[in-house]
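Trainee: Structure for the following, please:
(chains A and B, ligands or ions: 2)
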Amino acid sequence: MALFEARGIHKRFGRQVVLERIDLSFEAGRLSGIMGPNGAGKTTCFNVLTGRFKPDRGRVVFDGEDITGLSPSAIARKGIARSFQIMSLFDEYSALENIVIALPDVRARGFNMIDSLSADSEAADRAAAVLARVGLAGREHRRAGDLAYGERRALEVGVALAARPRLLFLDEPTSGLGTEATARLADLVQDLKRDHSIVVIEHDMQFLFGLADTISVIHWGQVVAAGTPDALRENKWVQRSTLGAPP
Amino acid sequence: MAPRQSFAGRWVPGEMALLFVLMATLPLWIGPVGLYQYLGIEIAIWMIYGLGYNLLLGYSGLPSFGHGAFFGIGAYAFGLFQLRVFESLWLGMVCAVVAAAVAGAFVACFLSHRRGIYFALLTIAFGQVFWFVSIKWHAVTGGEDGLLNIPRPALELGVISPALSTNADFFYFVLFVLAVVTVLLWRLVHSPFGKVLQAIRQNEERARFVGYNVWLFKWAAFTLSAAIAGLAGSLFSMAQQSAYPDVMSLHASGIIVMMTLIGGGFVSFWGPVIGVAVYFVARDVLGTLTETWLLWFGLVFVLAVIFKPEGIAGAWQEFTGAKGRHALARRAMAGLISAGRK
Ligand SMILES: Nc1ncnc2c1ncn2[C@@H]1O[C@H](COP(=O)(O)OP(=O)(O)O)[C@@H](O)[C@H]1O
Ligand SMILES: [Mg+2]
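Mentor: Ligands and ions are numbered 1, 2, ... in the order given. Alright, predicted model coming up:
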């Protein structure tokens, strides 16, 4: 059985059906890609899988446990972390503090009201290691809101990574980045792949075909194609699509 | 993260030591500067109230406009304990804190999934309900007159029980409570709990996805803040030797918001402390010049909110070149006004 499975997910907003009978499964140790044009329902799909919205129908199963309809914080505590397409950081906090607050052992003592968190050098060291991994060494004490756009993108991934997740969801991590920065982010994801199970949404085909073990294509709220990058290259839908030619 | 501090620095930083010295020597200089002893008591009580209030407003970004209710509940609970049960300082104070905390915990159940304007409106509504009850429930609260002749119990220290009947003695007791509250709150805002509250203020959604039960944190912050308001209320009822509905009115609740903002609660732990001192001194100095002093003070407040939401503490940080959180104050202010739903 796969690490994570979504079965028959439906989601509508008012009368607009955004997700229709979505089936997805993500294997441990793999990098699974989700692609599709803008407005296809990819982000909504993540939102349902990570607890922001309850699905109207369907089941979400993580490691054999039904997590359908659990709150985002409950799902996060089970070991699922996510990043956001529209960046969502603690802007007034330094880069380091953004990571510290997301560390699982800091979370575990969130109701400790007496010990100084900034005096916790162990947490700071662990956070610094996460920052180094996403390429932000030397930026520890910069306010998140003052970082450059590309650095904020890296921190967005860093905050998700800080949780030491069993499954990492990344929603368009390259959104808004130039070619060079996109390539750097691809290197980062390639590196994370060594020790993480990852699901990435991307509409940049180049990016996904180079990294993913399997890819699901979502269009009009449905999975219209799924398979390995090689298999998808032969797929009629992908060939016809306007997503850019697969490499 | 902040540079490592010495043990003493983590418990009583320089600013706190300065506050304690200023307050402890107050009886020596308050007369010569033309003010009077009782003012020191009022200032110390409202500092406790303000520091607890800012845990909510400045640190959690939750604007309560009905906090007077908890201050009042503390005052009534203390008074009722002395009048109806028996005279006891510590038990009366415990009773006041517990009563305010229970009321706060109850109200917080209806507030903790809200923020911004919806949160603010609900706090006003609850505040008005408590205020109304305090006026109408004659049998318990004494109606509009309130509870009168509340005794000020002696300071029970086991072997000795010195009286607190003079304002000079009582001032030092209030100062002792202020010191304890200040040290504990200073620890709290730098603890993981305090840091999570600040994270929630900055980005509630992300805090949730990082795994924090945001509802519970807001609930705890509100309850704690209400408990501290109740503690301040119990001291107030001792100071006035009475408890009355006025402190629970919307107007009175607004004043603690005003004090906290003018002082700079958004950018500094010390904001409410500064704001309280400025308010009371303005009341007594301007008050002798004009009966409409509150109008002028209110006008200054409106201008401050528009042009300097970081308050006096923010202006000071700018002046000394310390790195402040000014952008934060502006955004927080905007957030209080907009930021709807959940
Ligand atoms: N909270 C929401 N309320 C109403 N409609 C929404 C909401 N979120 C997304 N949608 C709609 O769902 C559709 C899919 O959006 P989204 O999942 O963001 O697409 P993608 O991430 O694939 O670009 C869009 O038409 C969008 O307008
Ligand atoms: Mg999207």
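Trainee: and the gap between the most centrally placed residue in chain A and chain B?
Mentor: By CA atoms, centre = their mean, chain A has its centre lying nearest to A:Leu170, at 1.8 Å. Using CB to the nearest CB, to the nearest Å, A:Leu170 is found at 13 Å from chain B. In this view, the C-beta of every residue, glycine as well, is placed from N, C-alpha and C.
Trainee: A:Lys236 now?
Mentor: From A:Lys236 to chain B the distance is 37 Å (CB to the nearest CB).
Trainee: returning to that earlier point: can you tell me the SS state at the residue nearest to the centre of chain A?
Mentor: Assigned state for A:Leu170: strand (three-state reduction, DSSP: H, G, I helix; E, B strand; the rest coil).
Trainee: wait, doesn't it sit right on A:Val200?
Mentor: Yes: contact criterion CB atoms under 8 Å: A:Leu170 and A:Val200 qualify, at 4.7 Å.
Trainee: Now do the shared contacts for these two.
Mentor: Listed as contacting both A:Leu170 and A:Val200 by CB atoms under 8 Å, 6 or more residues apart in numbering or on different chains are A:Val189.
Trainee: Tell me which helix or strand in chain B has the weakest average pLDDT.
Mentor: helix B:326-337 (a mean of 58; mean pLDDT, DSSP states H and E).
Trainee: picking that back up, who's in contact with the residue nearest to the centre of chain A?
Mentor: Counted by CB under 8 Å, 6+ apart, A:Leu170 has contacts A:Arg82, A:Ser83, A:Val157, A:Ala160, A:Val189, A:Ile198, A:Val199, A:Val200, A:Ile201.
Trainee: Out of these, give me the two with the largest separation.
Mentor: Farthest apart among these by CB to CB are A:Arg82 and A:Val189. That separation is 14.2 Å.
Trainee: Tell me which of the two has more neighbours.
Mentor: Comparing A:Arg82 with A:Val189 by other CB atoms under 10 Å in any protein chain shown, the one with more neighbours is A:Arg82, at 28 against 24.
Trainee: Okay, the more buried one and ligand 2: tell me how far apart.
Mentor: Distance, A:Arg82 to ligand 2, using CB to the ion, to the nearest Å: 12 Å.
Trainee: in the sheet, who's paired with that residue?
Mentor: Under DSSP bridges, the beta-bridge partners of A:Arg82 are A:Phe169.
Trainee: my read: it touches A:Thr50, true?
Mentor: Yes: under the criterion of CB under 8 Å, A:Arg82 makes contact with A:Thr50 at 5.0 Å.
Trainee: sorry, back to before: redo the contacts of A:Leu170 as a markdown table? Include pLDDT and secondary structure.
Mentor: A markdown table is the format used below for those (pLDDT from 0 to 100; DSSP: H, G, I helix; E, B strand; the rest coil):
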| residue | pLDDT | secondary structure |
| --- | --- | --- |
| A:Arg82 | 96 | strand |
| A:Ser83 | 96 | coil |
| A:Val157 | 96 | helix |
| A:Ala160 | 97 | helix |
| A:Val189 | 94 | helix |
| A:Ile198 | 96 | strand |
| A:Val199 | 96 | strand |
| A:Val200 | 96 | strand |
| A:Ile201 | 95 | strand |
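Trainee: which of the residues you listed count as buried?
Mentor: A:Arg82, A:Ser83, A:Val157, A:Ala160, A:Val189, A:Ile198, A:Val199, A:Val200, A:Ile201 (16 or more other CB atoms under 10 Å in any protein chain shown).
Trainee: burial measure for the residue nearest to B:Asn203 when sequence neighbours are not counted, as a count.
Mentor: Counting by CB to CB, 6 or more residues apart in numbering or on different chains, A:Phe90 is the residue found nearest to B:Asn203 once chain neighbours are left out, at 5.4 Å. Neighbour count of A:Phe90, defined by other CB under 10 Å: 27.
Trainee: Pick the one among the buried ones among the contacts of A:Leu170 closest to chain B.
Mentor: When the buried ones among the contacts of A:Leu170 are ranked by distance to chain B (CB to the nearest CB), A:Arg82 comes first, at 6.0 Å.
Trainee: tell me the contacts of the closest one?
Mentor: So A:Arg82 contacts A:Phe46, A:Thr50, A:Ala160, A:Leu168, A:Phe169, A:Leu170, A:Asp171, B:Phe209 (CB under 8 Å, 6+ apart).
Trainee: For chain B, see how far away the first one is.
Mentor: Relative to chain B, A:Phe46 is positioned 11 Å away (CB to the nearest CB).
Trainee: quick one: which of the contacts of A:Leu170 is nearest to ligand 1?
Mentor: A:Ile201 (6.8 Å; CB to the nearest ligand atom).
Trainee: what about B:Met248, distance to B:Ala226?
Mentor: 13 Å (CB to CB, to the nearest Å).
Trainee: Spell out which parts of chain A neighbour ligand 2.
Mentor: A:Thr43, A:Gln85 (CB under 5 Å from the ion).
Trainee: Show me the shaky parts of chain A.
Mentor: A:241-247 (pLDDT under 70).
Trainee: mind listing the strands for chain A?
Mentor: A:4-13, A:16-26, A:31-35, A:57-62, A:65-66, A:80-82, A:167-171, A:198-201, A:214-219, A:222-227 (DSSP state E).
Trainee: I'd like the contacts of A:Arg82 laid out as TSV, including distance to ligand 1.
Mentor: Listed next are the contacts of A:Arg82 as TSV, based on distance: CB to the nearest ligand atom, whole Å:
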residue	distance to ligand 1
A:Phe46	8
A:Thr50	13
A:Ala160	17
A:Leu168	18
A:Phe169	12
A:Leu170	13
A:Asp171	7
B:Phe209	16
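Trainee: can you pull the contacts of the closest residue to A:Leu103 other than its chain neighbours?
Mentor: Leaving aside its sequence neighbours, A:Leu103 sits nearest to A:Ala162 (CB to CB, 6+ apart; 5.5 Å). The neighbours of A:Ala162, taking CB under 8 Å, 6+ apart as the test, are A:Ala81, A:Ile99, A:Val100, A:Ala102, A:Leu103, A:Ala127, A:Val130, B:Val210.
Trainee: what about the first one, distance to B:Trp219?
Mentor: To tie it back to what came earlier, the one meant is A:Ala81. A:Ala81 is 25 Å from B:Trp219, by CB to CB.
Trainee: And for A:Met113?
Mentor: From A:Met113 over to B:Trp219 (counting by CB to CB), the distance is 14 Å.
Trainee: What of A:Glu65?
Mentor: 27 Å.
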